[in-house]
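pasting the sequence and the predicted model now:
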Amino acid sequence: MRIVLLGAPGAGKGTQCKRIAARYSLLHLSSGDILRNQKAEGTELGKKAQSYMDSGELVPDEVMVEMMADAISKTPPSGFILDGFPRTVNQAAGLDKLLKVSDDQKIDVVLNLKVDDQIVAKRMTGRRSCPKCGAVYHIENLKPKGEGICDNDGTELVQRPDDSPEVVANRLKAYHQQTEPVVDYYRKNNTTVYDIDANKDADEVTALVFEKLDTLVKSSSVK
Ligand code: AP5
Ligand code: MG
């Protein structure tokens, strides 16, 4: 199964992708996580991306398509779920080009997580994540078992530098201007798009998503 998951900052892309990837044995590819790893390793790509990420702007399309082409080339036969890519219509067209190598590789389904802008701000300020395994928590909504400590590996949780209110406002602006049109791009291409109400709590969102995906898998149109 090949899934694209779209949604605003704080829609819960990372949270839901981890659960979806585990249930359907998919490779979870988060463009934001890959960029953050590149930054941490001090690579040329990481240096190039830094100023865009710090201000909440999008990294240029050609950089992103090349980076994701490399990541996607390592996909197992069970498939992938893309988190944070494509984020512009140009990137979506670039991804289509990559996948059209064979018709069998087309995107099977797009999940569009819909969340209100007012909810995003609250989620971002309360987010904490594990720098080692990438697990995502929230100080009120999704607490770790021990305060400030990752359940999986005991690492101290950190706040993302781009979660300040000013940068979140820029990320939301970029989402509305550049990423929302990607949903229409897929609808026009006759790709199945499911809108999911992501204002609900995380477990309810997961239940909605699993219901849709289980039906797709059972219909055997998707492996
Ligand atoms: P990226 O890392 O992708 O950030 P983002 O899109 O802003 O999304 P987030 O990771 O902030 O939110 P999320 O939807 O994953 O939510 P999460 O599950 O963590 O990108 C960062 C930057 O990299 C960009 O600004 C850009 O510069 C660059 N970039 C990346 N990809 C790019 C691309 N393709 N092109 C160009 N540039 C690119 O949840 C958030 C919080 O809410 C957590 O605390 C969580 O516990 C909580 N939560 C989640 N779901 C719920 C729920 N249902 N109810 C209550 N709380 C919830
Ligand atoms: Mg994320």
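Structure's in. What do you need? Ligands and ions are numbered 1, 2, ... in the order given.

so does the worst-scoring helix or strand of the chain on mean pLDDT get close to ligand 2?
In the chain, no helix or strand scores lower on mean pLDDT, DSSP states H and E than helix 117-126, which sits at a mean of 92. No. Helix 117-126 does not reach ligand 2 (CB under 5 Å from the ion); its nearest approach is 10.5 Å. To be clear about C-beta, it is placed using only N, CA and C from the backbone, and glycine gets the same treatment.

check the offset of that helix from the chain's centre.
16 Å (CA atoms, centre = their mean, to the nearest Å).

is it in proximity to ligand 1?
Yes. Residues of helix 117-126 contacting ligand 1 under CB under 6 Å from any ligand atom: Arg123, Gly126.

could you list every helix and strand that that helix packs against?
Applying 3 or more CB pairs under 8 Å, 6 or more residues apart in numbering; DSSP states H and E, one finds that helix 117-126 contacts helix 165-174.

could you write out the alpha-carbon coordinates of stretch 26-34 in CSV?
The C-alpha coordinates for stretch 26-34 follow below in CSV (Å, rounded to 0.1, in the frame of the first residue of the first chain):
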residue,chain,number,x,y,z
LEU,A,26,4.7,0.3,5.9
LEU,A,27,7.9,2.3,5.7
HIS,A,28,7.2,5.7,7.4
LEU,A,29,8.9,8.5,5.6
SER,A,30,8.7,11.9,7.3
SER,A,31,10.3,14.6,5.2
GLY,A,32,10.6,16.8,8.3
ASP,A,33,12.3,14.0,10.3
ILE,A,34,14.7,13.3,7.5
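
ok, back up a step: list the buried residues of the least confident helix or strand of the chain.
Val120, Ala121, Arg123, Met124, Gly126 (16 or more other CB atoms under 10 Å).

who are the neighbours in contact with the third one?
By CB atoms under 8 Å, 6 or more residues apart in numbering, the contact list for Arg123 reads Gly10, Gly12, His138, Asn141.

hmm, try it at 10 Å
8-12, 15, 115, 138, 140-142, 163, 168, 198 (CB atoms under 10 Å, 6 or more residues apart in numbering).

then the fourth one?
With CB under 10 Å, 6+ apart as the criterion, the residues that contact Met124 are 9-10, 138, 159-160, 162-165, 167-168, 171-172.

show me which of the residues you listed are buried.
Buried among the contacts of Met124 by 16+ other CB under 10 Å: Pro9, Gly10, His138, Arg160, Asp162, Asp163, Val167, Val168, Arg171, Leu172.

max-length helix in this protein?
Counting by DSSP state H, the longest helix found in the chain is helix 202-218.

helices of the protein, residue ranges please.
Under DSSP H, the chain gives helices at 13-24, 31-41, 44-55, 61-72, 89-99, 117-126, 165-174, 180-188, 202-218.
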